[in-house]
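>>> What shape does this take:
(one chain, ligands or ions: 1)
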Amino acid sequence: MELETARAGIESQLSFAKMELEQTKQNLMSLQHVLEEERRDRRAEKDDASRRLDRDVEEVKRRARDEVDSLIRSHREAMESDEKAARRREVSETQTQAALEKQRLETKMDSKWREIRQMKEELESIGRELERERLMNGGLRDSLAEHSTASLSMETTTRAMKARMELLENDSKEKLLRMQELEEKTRLAEEQVVVTKEKLRAEESLRRKLHNQVQELKGNIRVFCRVRPAHDHEIDKADIKFPDQEQDAREIEILGKERTATGNVLEKKHPFQFDRVFGPTCKNQDVFDEISQLVQSALDGYNVCIFCYGQTGAGKTFTMSSKDGMIPRAVAQIYETATSLKEKGWKYIMEGSFVEVYNENINDLLGRADDLDKKKHEIRHDKEAQKTMVTGLTSVLLDAPNKVEELLRTADGNRSVAATKANERSSRSHSVFMLKLTGVNSVTGERSEGTLNLVDLAGSERISQSQVSGDRLKETQSINKSLACLGDVIQALGNGEKNAHIPYRNSKLTFLLQYSLGGNSKTLMFVMVSPLLGHMNETLTSLKFATKVNNTSIGTAKKAATVRG
Ligand SMILES: Nc1ncnc2c1ncn2[C@@H]1O[C@H](COP(=O)(O)OP(=O)(O)OP(=O)(O)O)[C@@H](O)[C@H]1O
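Residues are numbered from 1 along each chain as shown. Here you go, the predicted structure:
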């Protein structure tokens, strides 16, 4: 636009200068023409006057000569005659007349010479004037030349500017075209993104459905068995075999010895089969790979409960809450998945709490250590919403994956303060890590609420009540009671009778997990096995309990809540 305006200005200046130049040229030409005519007139007048003068002078001279000659002749004739005296007089008179005539002629000549001088002067002044005109003419010629040069350079500049403007115009046209192309491409890409996002959302909904169908087909209560490796100092090891060790092992065989009625010692095989068996070489990563699908279900809006059952020292805490155990891994996976689901419109809030059930009391492991065993916490159920809450419980917003480490450290620290030996307390109590997951999809209007409960049960070894007393007796009674109650609840759920009474209330643990066990939830039990010979009887008891649980089939799980807006 600016270029256009500049070009127009320059062009109008140029045409104005050209007009001026043209005018000046015409003025000059008419002036020259007038001068030329004037010069011609003057020259003709001068030539005329000069010719007339010459003719007059010649005429006067000729006449004077003729008269003198005739006088001389007549004088001679007079002289020859006798009247010499008269002739002399006549001659004298004639001479006087001739002198007078001569004088007159000389006067006339003087006046003519004056005229000639005057004419000469006039001619000189005309010459000077002509010279001035010539000089002025030269000046005008110079200025004309200057103007021509200026106009030439202006024309060159204008041409260069025109060329540049054309170049710029072409360039900007090209850029405009490219921009239009880019805009079109961006629009198409944006459309594609919208379509892809829509597809992704649809696929995500389908994935959720299929994933949970697969989980249902696998059964809503599953049992995994894990055998921990023996430490270097643990020499007496039980004979444990893994018949289908190769891949996706499901079998475990314990070789025991039995004394017959006749007193002979016979070897006896105890085969067990579970949904999955992990040998001593399996890492926490391998175990988590198997349960990660279940963790995903919690994000999809299901209540998921993962238990670790087994005698003290069988590896429950290692599996559940060690640095790379199921709790940190589950939180990390949930965090990762929740982050990737953001682009499908989902936004999740993760809140974690950690409780301990000790001597049938609920303790807040994230609260103050001093409050342990003192502060009372009540379990409240909202039957309609199928939700459980514990009064006065600390809840931590897990908005970064590393927050869980801090949470586990706090729980561990509180337990250490409350017990002389931390692991002693942890062996004698159940710990429940509760992760509440609330997701909202702003695009589809879906909403999901799921809970992931990771439970590290107290050591399952049966201590005869007659062998202990005091605090230990109380601990033993409550552990025995709650573990037996857990078995009863699972069994009652497995019976599948509609409206059958499920004895959740018989222990704090089952009461707390009421809505995370049974019809609306997915349950996984890890039975932890110690590799030691000395623990073999407890191992067999645990495996038998787990088999009972494994044979239980609990009804179809339903999402805790999914609301479409
Ligand atoms: N899979 C494993 N690989 C390596 N070491 C293990 C494994 N499982 C357990 N351990 C180790 O065995 C020991 C006992 O494990 P852990 O404390 O987890 O048992 P527990 O069943 O939780 O006992 P408690 O009931 O006392 O809490 C620990 O030193 C632990 O590090």
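>>> So what's the gap between the lengthiest helix in the chain and the chain middle?
The longest helix of the chain (DSSP state H) is helix 84-218. Between the centre of helix 84-218 and the centre of its chain there are 55 Å (C-alpha atoms, centre = their mean, to the nearest Å).
>>> mind listing what the helix or strand just after that helix pairs with, with the direction of each?
Heading C-terminal from helix 84-218, the first helix or strand you meet, by DSSP states H and E, is strand 221-227. Strand pairing for strand 221-227, using DSSP bridges, gives strand 276-278 (parallel), strand 521-529 (parallel).
>>> After strand 221-227, which helix or strand is next?
strand 239-241.
>>> for that next one, which positions count as buried?
Using 16 or more other C-beta atoms under 10 Å as the burial criterion, the residues of strand 239-241 that qualify are residue 240. All C-beta spots, glycine's among them, are computed from the backbone N, C-alpha and C.
>>> Run me through the strand neighbours of it, direction for each.
strand 251-259 (antiparallel).
>>> what does the helix or strand following the strand it pairs with contact?
Going down the chain from strand 251-259, the next helix or strand is strand 265-273, by DSSP H and E. In this structure, residues lying in contact with strand 265-273 by C-beta atoms under 8 Å, 6 or more residues apart in numbering are 225, 243, 250-260, 540, 543, 546-547, 550.
>>> Which positions in strand 265-273 come out as buried?
In strand 265-273, counting by 16+ other C-beta under 10 Å, buried: residue 272.
>>> can I get the CA coordinates of it in PDB?
The C-alpha coordinates for strand 265-273 follow below in PDB (Å, rounded to 0.1, in the frame of the first residue of the first chain):
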ATOM      1  CA  VAL A 265       8.200 -91.900  56.500                       C
ATOM      2  CA  LEU A 266       6.600 -91.400  53.200                       C
ATOM      3  CA  GLU A 267       7.100 -88.500  50.800                       C
ATOM      4  CA  LYS A 268       3.900 -86.700  49.900                       C
ATOM      5  CA  LYS A 269       3.200 -84.300  47.100                       C
ATOM      6  CA  HIS A 270       0.900 -81.300  47.700                       C
ATOM      7  CA  PRO A 271       0.000 -79.800  44.300                       C
ATOM      8  CA  PHE A 272      -1.800 -76.500  44.100                       C
ATOM      9  CA  GLN A 273      -3.100 -74.500  41.200                       C
END
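>>> Can you tell me the strand partners of that strand and which way each runs?
strand 251-259 (antiparallel).
>>> got the CA coordinates for the partner strand in PDB?
Only the C-alpha atoms of strand 251-259 are listed here, as PDB (Å, rounded to 0.1, in the frame of the first residue of the first chain):
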ATOM      1  CA  GLU A 251       1.200 -74.700  39.400                       C
ATOM      2  CA  ILE A 252       3.100 -75.200  42.600                       C
ATOM      3  CA  GLU A 253       4.000 -78.400  44.300                       C
ATOM      4  CA  ILE A 254       5.200 -78.800  47.900                       C
ATOM      5  CA  LEU A 255       6.900 -82.100  48.800                       C
ATOM      6  CA  GLY A 256       6.300 -83.000  52.400                       C
ATOM      7  CA  LYS A 257       7.100 -86.000  54.500                       C
ATOM      8  CA  GLU A 258       4.400 -88.000  56.300                       C
ATOM      9  CA  ARG A 259       4.800 -90.700  58.900                       C
END
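>>> Show me which positions of that strand end up buried.
In strand 251-259, counting by 16+ other C-beta under 10 Å, buried: 252, 254, 256.
>>> will you turn the residues you listed into CSV that also has distance to the ligand and pLDDT?
CSV is the format used below for these (distance: C-beta to the nearest ligand atom, whole Å; pLDDT from 0 to 100):
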residue, distance to the ligand, pLDDT
252, 15, 94
254, 18, 93
256, 21, 82
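>>> before we move on, the earlier item: what's the longest helix of the chain packed up against?
helix 2-80, helix 284-299 (3 or more C-beta pairs under 8 Å, 6 or more residues apart in numbering; DSSP states H and E).
>>> Run the angle between it and helix 284-299 for me.
Relative orientation of helix 84-218 and helix 284-299, computed by axes from the mean of the first three to the mean of the last three C-alpha atoms, to 10 degrees: 100 degrees.
>>> I'd like to know the average pLDDT value across helix 84-218.
Average pLDDT, helix 84-218: 85.
>>> just the angle between that helix and helix 2-80, please?
Using the same axes, to 10 degrees: helix 84-218 against helix 2-80 is 170 degrees.
>>> Can you give me the buried ones in stretch 401-420?
401, 403-404, 407-408, 410-412, 414-415, 418-419.
>>> And for it, what's in contact with it?
Here stretch 401-420 has contacts from 321, 323, 327-328, 331-332, 335-336, 352, 354, 356, 363, 365-370, 372-373, 396-398, 422, 425-426, 431, using C-beta under 8 Å, 6+ apart.
>>> Report the distance from that stretch to the chain centre.
Offset of stretch 401-420 from its chain centre (C-alpha atoms, centre = their mean): 40 Å.
>>> circling back: which one among the buried residues of stretch 401-420 gets closest to the ligand?
Using C-beta to the nearest ligand atom, residue 415 is the member of those that lies nearest the ligand, at 10.3 Å.
>>> any idea which element that closest one lies in?
Residue 415 belongs to helix 403-418, assigned by DSSP H and E.
>>> give me every residue that touches whichever residue of the stretch 101-250 of the chain sits closest to the ligand.
For the stretch 101-250 of the chain, the residue closest to the ligand is residue 228, as judged by C-beta to the nearest ligand atom, at 3.5 Å. Taking C-beta under 8 Å, 6+ apart, we find residue 228 in contact with 280, 314-315, 318, 528-531.
>>> and what of residue 504?
489, 510-511, 513-514, 517.
>>> Tell me which of those residues fall in helices.
Per DSSP H, these map to helices at 489, 510-511.
>>> which of the residues you listed tops the neighbour count?
residue 489 (23 neighbours; other C-beta atoms under 10 Å).
>>> quick one: stretch 539-556 to chain centroid distance?
Between the centre of stretch 539-556 and the centre of its chain there are 53 Å (C-alpha atoms, centre = their mean).
>>> just to revisit the earlier point, ok, which of the contacts of residue 228 also contact the ligand?
By C-beta under 6 Å from any ligand atom, the members of the contacts of residue 228 lying near the ligand are 314-315, 318, 528.
>>> Let's see which of the residues you listed end up in helices.
Using DSSP H, those in helices are residue 318.
>>> tell me which parts of the stretch 151-300 of the chain are close to the ligand?
Residues of the stretch 151-300 of the chain lying near the ligand (C-beta under 6 Å from any ligand atom): 228-229.
>>> how about a cut-off of 8 Å?
Within reach of the ligand by C-beta under 8 Å from any ligand atom, the stretch 151-300 of the chain has these residues: 226, 228-229, 231, 280, 282-284.
>>> Just the closest residue of the stretch 451-565 of the chain to the ligand, please.
Closest point on the stretch 451-565 of the chain to the ligand, by C-beta to the nearest ligand atom, is residue 459, at 4.2 Å.
>>> Just give the nearest non-adjacent residue to that residue, would you?
residue 312 (3.3 Å; C-beta to C-beta, 6 or more residues apart in numbering).
>>> How about residue 546?
Closest residue in space to residue 546, ignoring its immediate chain neighbours: residue 527 at 3.7 Å, by C-beta to C-beta, 6+ apart.
>>> Now that the one you found has come up, it's in contact with residue 222, right?
No - Residue 527 is beyond contact range of residue 222, at 11.2 Å (criterion: C-beta atoms under 8 Å).
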